[in-house]
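Chemist: Take a look and give me a structure for this.
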Amino acid sequence: MVVSYATACTYTIARAVEALFEELIRTGTTAGFEDRMMRFDEFNRLVGLEGILEKEAAYIKDHP
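Modeler: Numbers count the residues shown, from 1 in each chain. Purely as a prediction, here's the structure:
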């Protein structure tokens, strides 16, 4: 069973963005925030980028 908590996710994201902006205002960089950020490869895996690129390539091949 999958349950979606959209509002809870939105509030969590908002808190994280607020903390990131506070870090930027305080230090001018995100360097001290990197331990709380998802890495590029992790994000690509999360959104399924490999599959998206495969579908894109197949579409381009079939629709020149």
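
Chemist: where does the protein have low pLDDT?
Modeler: Under the criterion pLDDT under 70, no range of the chain is flagged.

Chemist: How about the secondary structure of Val2?
Modeler: What DSSP: H, G, I helix; E, B strand; the rest coil gives for Val2 is coil.

Chemist: Run the chain-centre distance for the longest helix anywhere in the chain.
Modeler: Counting residues, the longest helix found in the chain (DSSP state H) is helix 6-27. Offset of helix 6-27 from its chain centre (CA atoms, centre = their mean, to the nearest Å): 13 Å.

Chemist: same thing with stretch 23-31?
Modeler: 19 Å.

Chemist: Ends of that stretch, what's the gap?
Modeler: Start-to-end span of stretch 23-31 (CA to CA, to the nearest Å) is 9 Å.

Chemist: Now do the buried residues in that stretch.
Modeler: Across stretch 23-31, burial judged by 16 or more other CB atoms under 10 Å covers Glu23. Glycine gets a C-beta too; all of them are placed from N, C-alpha and C.

Chemist: what sits up against it?
Modeler: Here stretch 23-31 makes contact (CB atoms under 8 Å, 6 or more residues apart in numbering) with Leu20, Gly32, Phe33, Met37.

Chemist: Could you measure from the most centrally placed residue in the chain over to Met37?
Modeler: Against the mean C-alpha coordinate of the chain, by CA atoms, centre = their mean, the closest residue is Phe43 at 5.1 Å. According to CB to CB, to the nearest Å, Phe43 and Met37 sit 9 Å apart.

Chemist: cool, and Ala16?
Modeler: Ala16 is 9 Å from Met37, where distance means CB to CB.

Chemist: ok, now how distant is Ala57 from His63?
Modeler: To His63, Ala57 is 11 Å away according to CB to CB.

Chemist: Neighbour count for the two, which is higher?
Modeler: Higher neighbour count among Ala57 and His63: Ala57, with 10 against 6, using other CB atoms under 10 Å.

Chemist: Lovely, talk soon.
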